[in-house]
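Peer 1: Sequence and predicted structure, then a few things I'm wondering about:
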Protein chains: 2
Amino acid sequence: MTQRPAVLIMQRHLAPLTAFLDGAYDVYRFWEGPPIEAAQAIRALVVAGEFELDKALIEGLPNLIHVACFTSGYDRIDVDWCHARGLIVTHAPGVNHEDVADHALGLIISARRGLASGERLLRSGGWAAETRVLTPSLRGQKVGIVGLGLIGQALARRADAFGMEVSWWGPRDKPADWPRADSLEALAKQSDILVIACKVDDSNTGLISREIIEAVGPNGLLVNVSRGQVVDEPALIEALRAGTLGGAALDVFVQEPVDPALWADVPNTVLTPHTAGATQESVQAMLMLLMQNLAAVLGGNPPRTPVAG
Amino acid sequence: MTQRPAVLIMQRHLAPLTAFLDGAYDVYRFWEGPPIEAAQAIRALVVAGEFELDKALIEGLPNLIHVACFTSGYDRIDVDWCHARGLIVTHAPGVNHEDVADHALGLIISARRGLASGERLLRSGGWAAETRVLTPSLRGQKVGIVGLGLIGQALARRADAFGMEVSWWGPRDKPADWPRADSLEALAKQSDILVIACKVDDSNTGLISREIIEAVGPNGLLVNVSRGQVVDEPALIEALRAGTLGGAALDVFVQEPVDPALWADVPNTVLTPHTAGATQESVQAMLMLLMQNLAAVLGGNPPRTPVAG
């Protein structure tokens, strides 16, 4: 066992964290091979919350005490299982919701006002004097927000500034500046644009079902900045092909990275590679919380931002 | 001479107006050949304000009394020359500024948060688990607005909702909720994002010069939703290639439609085909004003929305 605590980074896209962690910790990187020789030393896992924990691995780390989610979301982390084993789970809440809301507005404008399709037309030489495509004005469009958490509220404030009419639905009512629909289906029916901004857990996989997608309808736009699995993705693709849904603007997918062949000939889509929350400022704030949580837990103190459970 | 007044539509992209005009007027369409036989009958020209008037043609229309701009802008119309000939000029003001501001915000988000480049990455199969591109957060970015007219103000209100810091410059000071910079150069220097939202006239061709572009700088973004000729376009392209300007998001160009070869290998650009104001709602409102102005002027009454001069 070395002098310093050891941490194990699980996902390859978190590799850049190494530079910050290795000042204080011995850093192991899972994709470089299982750290068999360090199994005794590892005190913390550093993970992204959209990946499932490797429970067999954890069971082989006798001195592990901390599962540190770099992300805000921890939807694939079995928190109950961790707590039952005495593991502390932390995450990075309240850090990137403004950025995610910005990105969602960008997706709405791009899809609704034809920015992405206009750019394709221009760059392919298809812009001619006699072609002028008209799009619907945003003003007066009805935006329905699924989940009025920090992201949903940030989104609603922006939509207000565009003169859009906001309403929302979530399983629990709460005081809010915008009206809550009676049900998800009612929200989908009354909305021109349905934005999925909810937290993901076991209960809402496939929440945006074929019925909800068809309620958004042939002139409607579905926007997802939450998690891919909240939407029935095969039903979504089918609805776009059939024209029973007008369009989709998606930052998240069931399988990431996306196989582009899956979307190649699906019409009326704007797609981004899960970057809604990926700003320099957010990542810096997430890094700060990660370092503070690791220092606290491995130093025997209470974590700064634990996942309760 | 026919019973009904005759109108001549000048630009091909205005062809869809025919259906609305021919209920009340005999409609001629310039691109189908000069209406020599109708020269006596034509009372009004229907034009888009970004095209120069054909003065020789006008001189051959002895009963012309009205130059009716379908558009809000009339930058290429020689209004003084028209007035000197006794022609009434009308346009469609105050109709699409909210839509233009929406589009400008879409351009800002797409360029700054990498929506367009992210979509290209995703669709080309370049999104891999280990690639995660970080972009700057919009919150706290300094937005400088050139021209605080209706578009500029609509843009400023939206930028506020994103937590951006707005300032502006225009040749004339006026009461405003946002601070005015001392000069255009000062605005360009202090801004992360410079948005051109001014009205165009003879005085501001090339206003956004090489010096102004370089003042926006290697991390800065230039956005244009005004007119192409306000920017020194060759200098803009050179600055983007050299990296002395960080990026450009453009809806307008010196030559429209654009030859895509001109922009094919210019980095860090988001381009749309002059669609910022082209919504169904705006066009409907512009059509309404056009019909009202034509009915008034050809009926011998004062126009609803004249261009003063």
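Peer 2: Noted; the coordinates are in hand. Numbers count the residues shown, from 1 in each chain, chains lettered A, B, ... in the order given.
Peer 1: Provide the partner residues of A:Ser195 in its beta bridges.
Peer 2: Let me fix one detail, which is that residue A:195 is Val and not Ser. With DSSP bridges as the criterion, A:Val195 is bridged to A:Ile145, A:Val223.
Peer 1: Just name whatever secondary elements the host helix or strand of A:Pro234 is in contact with.
Peer 2: A:Pro234 belongs to helix A:233-242 when assigned by DSSP states H and E. Packing contacts for helix A:233-242, counted by 3 or more CB pairs under 8 Å, 6 or more residues apart in numbering or on different chains; DSSP states H and E, involve helix A:210-216, strand A:247-250. For the C-beta atoms, the positions are set from N, CA and C on the backbone; glycine is no exception.
Peer 1: Generate JSON lines for the ones you listed, with mean pLDDT as supplementary columns.
Peer 2: What follows is the helices and strands packed on helix A:233-242, written out as JSON lines (pLDDT from 0 to 100):
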{"stretch": "helix A:210-216", "mean pLDDT": "98"}
{"stretch": "strand A:247-250", "mean pLDDT": "98"}
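Peer 1: ranking those by burial, who's on top?
Peer 2: strand A:247-250 (a mean of 25; mean count of other CB atoms under 10 Å in any protein chain shown).
Peer 1: That strand and chain B, are they touching?
Peer 2: No - applying CB under 8 Å from any CB of the partner chain, one finds strand A:247-250 separated from chain B by no less than 9.3 Å.
Peer 1: Mind listing residues that contact that strand?
Peer 2: Contacts of strand A:247-250 with the rest of the structure, by CB atoms under 8 Å, 6 or more residues apart in numbering or on different chains, involve A:107-108, A:110-112, A:220-224, A:228, A:236, A:240, A:268-272.
Peer 1: just stretch A:151-159 next, same as before
Peer 2: When contacts are defined by CB under 8 Å, 6+ apart, stretch A:151-159 is touched by residues A:97-98, A:100-102, A:104-105, A:143, A:145-146, A:148, A:166, A:168, A:170, A:176-178, A:195, A:197-198, A:225-226, B:158, B:161-162.
Peer 1: what pairs with the strand or helix carrying A:Ala68, and is each one parallel or antiparallel?
Peer 2: Here A:Ala68, judged by DSSP H and E, is contained in strand A:66-69. Using DSSP bridges, the strands paired with strand A:66-69 in its sheet are strand A:42-47 (parallel), strand A:88-90 (parallel).
Peer 1: Show residues contacting it.
Peer 2: The set of residues external to strand A:66-69 that reach it, using CB under 8 Å, 6+ apart, is A:7, A:43-49, A:53, A:58, A:77, A:82, A:87-92, A:290, A:293-294, A:297-298, A:303, A:307.
Peer 1: Show me where the stretch 101-250 of chain A has its helices.
Peer 2: A:115-123, A:150-161, A:184-190, A:210-216, A:233-242 (DSSP state H, counting those that start in this stretch).
Peer 1: Send over the last one as PDB, restricted to the C-alpha atoms.
Peer 2: Same thing as helix A:233-242. Output in PDB follows, covering the C-alpha atoms of helix A:233-242 (Å, rounded to 0.1, in the frame of the first residue of the first chain):
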ATOM      1  CA  GLU A 233     -36.500   5.800 -28.900                       C
ATOM      2  CA  PRO A 234     -37.700   3.200 -31.400                       C
ATOM      3  CA  ALA A 235     -41.200   4.700 -31.200                       C
ATOM      4  CA  LEU A 236     -39.700   8.200 -31.500                       C
ATOM      5  CA  ILE A 237     -37.800   7.200 -34.700                       C
ATOM      6  CA  GLU A 238     -40.900   5.600 -36.100                       C
ATOM      7  CA  ALA A 239     -43.100   8.600 -35.400                       C
ATOM      8  CA  LEU A 240     -40.600  10.900 -37.100                       C
ATOM      9  CA  ARG A 241     -40.500   8.700 -40.200                       C
ATOM     10  CA  ALA A 242     -44.300   8.500 -40.300                       C
END
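Peer 1: List the contacts of it.
Peer 2: A:208-210, A:213-214, A:222, A:245, A:247-248, A:253-254, A:262-263, A:266-269.
Peer 1: got a list of what the residue lying closest to A:Ser226 once chain neighbours are set aside touches?
Peer 2: Nearest residue to A:Ser226 in three dimensions, chain neighbours excluded: A:Ile196, at 4.6 Å (CB to CB, 6 or more residues apart in numbering or on different chains). Contacts for A:Ile196 (CB under 8 Å, 6+ apart) come out as A:146-147, A:208, A:222-226, A:230-231.
Peer 1: before we move on, the earlier item: would you turn the helices of the stretch 101-250 of chain A into a markdown table with distance to A:Leu134?
Peer 2: Listed next are the helices of the stretch 101-250 of chain A as a markdown table, based on distance: least, CB to CB, whole Å:
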| stretch | distance to A:Leu134 |
| --- | --- |
| helix A:115-123 | 12 |
| helix A:150-161 | 22 |
| helix A:184-190 | 24 |
| helix A:210-216 | 21 |
| helix A:233-242 | 21 |
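Peer 1: Would you confirm that A:Thr18 contacts A:Ile9?
Peer 2: Yes - with contact defined as CB atoms under 8 Å, A:Thr18 reaches A:Ile9; the gap is 6.7 Å.
Peer 1: Just want to know which of those two has more residues nearby.
Peer 2: Ranked by neighbour count (other CB atoms under 10 Å in any protein chain shown), A:Thr18 and A:Ile9 place A:Ile9 first, with 25 against 15.
Peer 1: dump the residue contacts of that one.
Peer 2: A:Ile9 neighbours (CB under 8 Å, 6+ apart): A:15, A:17-18, A:21, A:27-30, A:45-46.
Peer 1: Narrow those residues to those in helices?
Peer 2: Residues of the contacts of A:Ile9 located in helices (DSSP state H): A:18, A:21.
Peer 1: could you flag which of the contacts of A:Ile9 are buried?
Peer 2: Among the contacts of A:Ile9, those scoring as buried are A:15, A:17, A:21, A:27-30, A:45-46 (criterion: 16 or more other CB atoms under 10 Å in any protein chain shown).
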